[in-house]
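Asker: Attaching a predicted model along with its sequence, questions to come.
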Amino acid sequence: MVRPRCDWLALLGAGTLAAIWMLWGLPARSQPPAEPVTEVHPPADQTYTGTKQCAACHLKAYMAWKKTKHAKEAFESVPAKYRGTAECLICHSTGYGAATGFKDATSTPNLAGTTCEACHGPGSQHAVIAKKYENVKVLSPDQDKEVRGSIYKIAPQNVCVRCHIDQQHKPHPAYDKQ
C-alpha cells in the first residue's frame, strides 16, 4: 500500500522537532562526560523538603506525579544491594550528594525516587514564602512573583538531561539485576 506523502512529511517534521528538543540546552560536546555527575549543589539558602511538603499545597500536581514512573519506579527499580551506590542514586533519588538531599530510604523516604525537587530544586524557601499567603484567595502580581520566584520552574542544570540523555549515549553501568 502506498502511504500518502503527508505521513512522511509528518514523520520528518516530528523527527526534526525531537532532535531539536534533545539538543536544546545541551552543552556542546561530542561525547558524554567520562564520569557521571555524582553530587548536587542546591542554592545555599535552600534545603530539600520532600514530597509531603510539596503535596500540602500542590495536591493536584502531586497526585498526577504519583502516577508516573518517576514516582513509582525510579527508586524501586534499583536492586536493594545498589541502593547505597552513588552512581545509581544520583539519578534514582532526589538531591543525593547534597547535605539535605536523599541519604537512604529510612531517613529520607520523601526524597526516594525522582520527586518534585529533582526538577524544581530544593523547596524550603518556597514553602516559607508561600506559607505567608496560605489564607489569601488571590495573590497580587507582586505576591505571585515573590512565591513563584522562590523556586525554579525547571532547575538550571537541565536536570532531565543529566539522567535521560547523558546516560543514554553510553551503556547503563553493568549491575546484577537481582
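Answerer: Noted; the coordinates are in hand. Residues are numbered from 1 along each chain as shown.
Asker: and residue 77, what is it in contact with?
Answerer: Contacts for residue 77 (CB atoms under 8 Å, 6 or more residues apart in numbering) come out as residue 92. Glycine gets a C-beta too; all of them are placed from N, C-alpha and C.
Asker: so where does it fall, helix or strand?
Answerer: Under DSSP states H and E, no helix or strand contains residue 77.
Asker: and it, backbone torsions?
Answerer: Main-chain torsions, residue 77, degrees, to the nearest 10: phi -70, psi -10.
Asker: what's the spacing between it and residue 111?
Answerer: 16 Å (CB to CB, to the nearest Å).
Asker: which regions of this protein sit below the pLDDT cut-off?
Answerer: Along the chain, segments meeting pLDDT under 70 span 1-44, 158, 165-173, 178.
Asker: One more pass at 80, please.
Answerer: Applying pLDDT under 80 to the chain flags residues 1-45, 156-159, 161-162, 164-178.
Asker: for it, what spans make up the helices?
Answerer: Ranges of helices within the chain are 5-23, 51-57, 59-66, 69-72, 86-92, 116-120, 124-131, 141-148, 159-164, based on DSSP state H.
Asker: deepest of the ones you listed, which one?
Answerer: Scoring the helices of the chain by mean neighbour count under mean count of other CB atoms under 10 Å gives helix 116-120 as the most buried, with a mean of 23.
Asker: Output that one as CSV, nothing but the C-alphas.
Answerer: The C-alpha trace of helix 116-120 is given here as CSV (Å, rounded to 0.1, in the frame of the first residue of the first chain):
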residue,chain,number,x,y,z
CYS,A,116,9.2,17.4,42.7
GLU,A,117,12.5,18.9,43.9
ALA,A,118,14.5,16.8,41.4
CYS,A,119,13.1,19.1,38.7
HIS,A,120,12.3,22.3,40.7
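Asker: And that helix, what does it pack against?
Answerer: Packing partners of helix 116-120 (3 or more CB pairs under 8 Å, 6 or more residues apart in numbering; DSSP states H and E): helix 51-57, helix 59-66, helix 159-164.
Asker: contacts for the first one?
Answerer: Under the contact criterion CB under 8 Å, 6+ apart, helix 51-57 has outside partners 61, 62, 110, 111, 115, 116, 117, 123, 127, 130, 134.
Asker: and the gap between the second one and residue 71?
Answerer: Here the criterion is CB to CB. By it, residue 62 lies 9 Å from residue 71.
Asker: Based on its surroundings, how many neighbours for the nearest residue to residue 108 once chain neighbours are set aside?
Answerer: In space, residue 108 comes closest to residue 102 once its chain neighbours are excluded; the distance is 5.0 Å by CB to CB, 6 or more residues apart in numbering. Number of residues near residue 102 (other CB atoms under 10 Å) recorded here: 28.
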